[in-house]
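A.B. asks: Below are the sequence and a predicted model; questions follow.
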Amino acid sequence: MNCHPDIPSPSALTPWRGLEQAACEPAPQAAHFWLHAALTHLPVRDRPWLARVEDPDDALPLAIAGLRKTRRFGPLGRLASTRWGEFFFSGLPLLRQGAERQALDGLLWAASGMGAKAMELASIPAQGPVMAALKQVAGDKGLLVKEMVHWRRAALDARQSPAQWWQDDIPRKKRKEYARLMRRLKEAGEVSFQIMKTGEDPSPWIDDFLALEARGWKGRAGTAIACKPALRHFVEAALRAAAAAGALRFWRLSLNERTIAILFGFVQDENLWLGKMAHAEDLGRYSPGVLLIIEATRDILADPRITFADSCAAPHHPMIDRLWKQRLALTDVVIAAPGVLAPRVRLMLMLEALCLRARTMLKRLWHGLRARLGGKRKRAA
């Protein structure tokens, strides 16, 4: 096993792809097209460490994950987290099916080798093969493990038909509202919905997305992908690599040949994850983002290869929660590294819980303050 911030050789990509096919659970941000792009295109200071657990009897690795060292607990020791980078939605590692416990044990030793006293698996399904293996390893090795936070985000059962989804999951009142928005948009000009074709050059789609995002509030705030050269190079490389692997999906809504909403996602096995969306803010009265999600959902449901879709959205998202009615339970898990004394880990877990409570309280205070200030401005107007 090893853990380092270096770029793997091209010869390592073949067994990496093999592990993706043999993994117990698909892990999009540990896939070669995403993690390798980060190792190749991000500045050294921003790169994750590549944790790789080898099998002495097979060329196929047992595990691959991206890890980031943090000093979250000060003198108590470092934490190795699968939450790395600005564009994050899944901290699942790649674990070979049938060898999950051995693979996780190797990752824990790799985290220990990089000086971490504990490892965090961030944003992983609360019910799934990785979570089950984690609990087994903790029990077998006598390691402290704790689920620090739980939440649920919108998901889609993609085994239903488009007509069934529209009829069963979308209330009649909302169906009428969305139909009215589309009629109004069509009154403003020619409306078209496009899907990136298999094998199509993704560059125009990527450029289109980055340009539209940069024209919105994220561009004005300096947080759009295009505003950060290193992040832009990484995302462009990752999306091109995903397209070459057949994993990239793009959907676009246009008005008079002008892109007014664009969205991308990733497919692995039977699963799909939504990436990011950009939309024309000056046409907000038509809700172009909502209309695009509706059309993209119909396309997803029409694909027999996809059985489940993860929105990757924040909990209680005001838009996607109304359209995708299933929920995926997620958790952040912290587990002690091998050889670390239990009292040290207990104290680390206690501090993490206190930090989480403090962040939650500050968020509530901030949102409450914004709501009050917004109400005052409305009354003054």
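C.D. replies: All right, it came through fine. Residues are numbered from 1 along each chain as shown.

A.B. asks: nearest spatial neighbour of Ala188, skipping sequence neighbours?
C.D. replies: Leaving aside its chain neighbours, Ala188 sits nearest to Leu255 (6.4 Å; criterion: CB to CB, 6 or more residues apart in numbering). (Each C-beta comes from the backbone N, C-alpha and C, glycine too.)

A.B. asks: Check Glu120 too.
C.D. replies: Nearest in space to Glu120, with sequence neighbours left out and distances taken as CB to CB, 6+ apart, is Ser81 at 4.0 Å.

A.B. asks: since we're on the one you found, how many residues are nearby?
C.D. replies: By other CB atoms under 10 Å, the residues close to Ser81 number 23.

A.B. asks: how near is His317 to Phe87?
C.D. replies: From His317 across to Phe87, the span is 17 Å (CB to CB, to the nearest Å).

A.B. asks: One more: Ser123?
C.D. replies: 13 Å.

A.B. asks: These two: who's more crowded?
C.D. replies: A direct count of neighbours by other CB under 10 Å for Ser123 and Phe87 places Ser123 higher, at 21 against 15.

A.B. asks: Just give the closest residue to that one, not the sequence neighbours.
C.D. replies: Nearest-residue entry for Ser123: Gly91, 4.8 Å, with adjacent residues in sequence omitted and distances by CB to CB, 6+ apart.

A.B. asks: residue ranges with poor pLDDT in the stretch 251-381 of the chain?
C.D. replies: Under the criterion pLDDT under 70, the flagged ranges of the stretch 251-381 of the chain are 367, 370-371, 373-381.

A.B. asks: can I assume Met131 sits in a strand?
C.D. replies: No: Met131: not assigned to a strand; according to DSSP: H, G, I helix; E, B strand; the rest coil it is helix.

A.B. asks: I figured Ala302 hits Gln164, correct?
C.D. replies: No: judged on CB atoms under 8 Å, Ala302 makes no contact with Gln164 at a distance of 11.8 Å.

A.B. asks: ok, the residue nearest the centre of the chain to Gln29 distance?
C.D. replies: Centroid-nearest residue in the chain, with CA atoms, centre = their mean: Phe89, separated by 2.0 Å. Noted for Phe89: a distance of 7 Å to Gln29, by CB to CB.

A.B. asks: Could you do Ala155 as well?
C.D. replies: Separation of Ala155 from Gln29 (CB to CB): 17 Å.

A.B. asks: So for these two, which sits in the more crowded spot?
C.D. replies: Each of Ala155 and Gln29 has its neighbours counted (other CB under 10 Å); Gln29 has more, 27 against 19.

A.B. asks: Wait, that one touches Phe88, no?
C.D. replies: Yes: in this structure, Gln29 is within contact of Phe88 by CB under 8 Å, at 7.1 Å.

A.B. asks: how about the helices in the protein?
C.D. replies: In the chain, the helices defined using DSSP state H lie at 13-22, 37-41, 100-113, 129-141, 162-168, 172-187, 203-214, 217-221, 229-244, 288-301, 320-323, 342-380.

A.B. asks: who wins for proximity to Arg71 among these?
C.D. replies: Proximity to Arg71 (CB to CB) singles out helix 342-380 among the helices of the chain, at 11.7 Å.

A.B. asks: Identify each buried residue in the closest one, please.
C.D. replies: Buried residues in helix 342-380, counting neighbours by 16 or more other CB atoms under 10 Å, are found at 344-345, 348-349, 352.

A.B. asks: What ranges in the stretch 1-150 of the chain fall below the confidence cut-off?
C.D. replies: Filtered on pLDDT under 70, the stretch 1-150 of the chain yields the residue ranges 1-7, 10.

A.B. asks: What are the structural domain limits within the protein?
C.D. replies: Following the assignment in automatic domain parsing, the chain carries domains at 2-150+330-369, 159-306.

A.B. asks: Make TSV out of those and add distance to Cys312.
C.D. replies: Output for the domains of the chain, formatted as TSV (distance: least, CB to CB, whole Å):
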stretch	distance to Cys312
domain 2-150+330-369	4
domain 159-306	5
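
A.B. asks: who wins for proximity to Asp321 among those?
C.D. replies: Evaluated over the domains of the chain, closeness to Asp321 peaks at domain 159-306, with 11.2 Å, by CB to CB.

A.B. asks: How far away from the center of its chain is the closest one?
C.D. replies: The chain centre lies 16 Å from the centre of domain 159-306; the measure is CA atoms, centre = their mean, to the nearest Å.
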